[in-house]
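Peer 1: I would like the atomic coordinates for the input below:
(one chain, ligands or ions: 1)
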Amino acid sequence: MEFKNEIGSKSVVSEEIQEPPQFRVILLNDDYTTKDFVVSVLISVFHKTSDDAHKIMENVHNKGRGIVGVYTYDIAATCCLEVHDISRQNGFPLRCIMEQI
Ligand code: TYC
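Peer 2: Numbering: from 1, shown residues only. Below is the predicted model:
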């Protein structure tokens, strides 16, 4: 699309809409956090169903890490902070990280 700016010269503006960058949130296994606590975090922070939360938790427990979901930067960062805060408040070392796609 073509626009004229305030001094009358033409400029071309791309019509392509840029999608915001996406980030994977990855949950890390550890030897101390209880399975029940991990499931409760997946339900309360990431709004997973109980069924999905159990599957994700078992996958992380067995594989060492696993994708919880894909979000924009602010949502991914907020979820990671919440996981760390709730975990420390409850005496667990549970961690998650985010990775740009
Ligand atoms: N490995 C932990 C246990 O055996 C459970 C666990 C699962 C911890 C997933 C963290 O992200 C995690 N109690």
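
Peer 1: could you check whether stretch 38-55 is close to the ligand?
Peer 2: Yes - against the ligand, stretch 38-55 shows contacts by C-beta under 6 Å from any ligand atom at V38. Every C-beta, even on glycine, is put in place using the N, C-alpha and C of the backbone.

Peer 1: where's the residue nearest to Y73 when sequence neighbours are not counted relative to D85, distance?
Peer 2: Take Y73 and drop its neighbours on the chain: the residue closest to it by C-beta to C-beta, 6 or more residues apart in numbering is F23, 5.9 Å away. Distance, F23 to D85, by C-beta to C-beta, to the nearest Å: 19 Å.

Peer 1: between these two, which one's more packed in?
Peer 2: Between F23 and D85, counted using other C-beta atoms under 10 Å, the more crowded position is F23 (22 against 11).

Peer 1: pLDDT on the strand or helix carrying the more buried one, on average?
Peer 2: Using DSSP states H and E, F23 sits within strand 22-28. If you average the pLDDT over strand 22-28, you get 98.

Peer 1: just checking, what packs against that strand?
Peer 2: helix 50-63, strand 65-72, helix 73-89, strand 95-100 (3 or more C-beta pairs under 8 Å, 6 or more residues apart in numbering; DSSP states H and E).

Peer 1: Show me where this structure dips below the pLDDT cut-off.
Peer 2: Residue ranges of the chain with pLDDT under 70: 1-14.

Peer 1: So which bits of it are right by the ligand?
Peer 2: 27-31, 33-35, 38, 57, 60-61, 94.

Peer 1: make it 8 Å
Peer 2: 27-35, 37-38, 57-58, 60-61, 65-66, 94-96 (C-beta under 8 Å from any ligand atom).

Peer 1: sorry, back to before: test my guess that the residue nearest to Y73 contacts I97.
Peer 2: No - if you go by C-beta atoms under 8 Å, F23 and I97 don't touch, sitting 9.7 Å apart.
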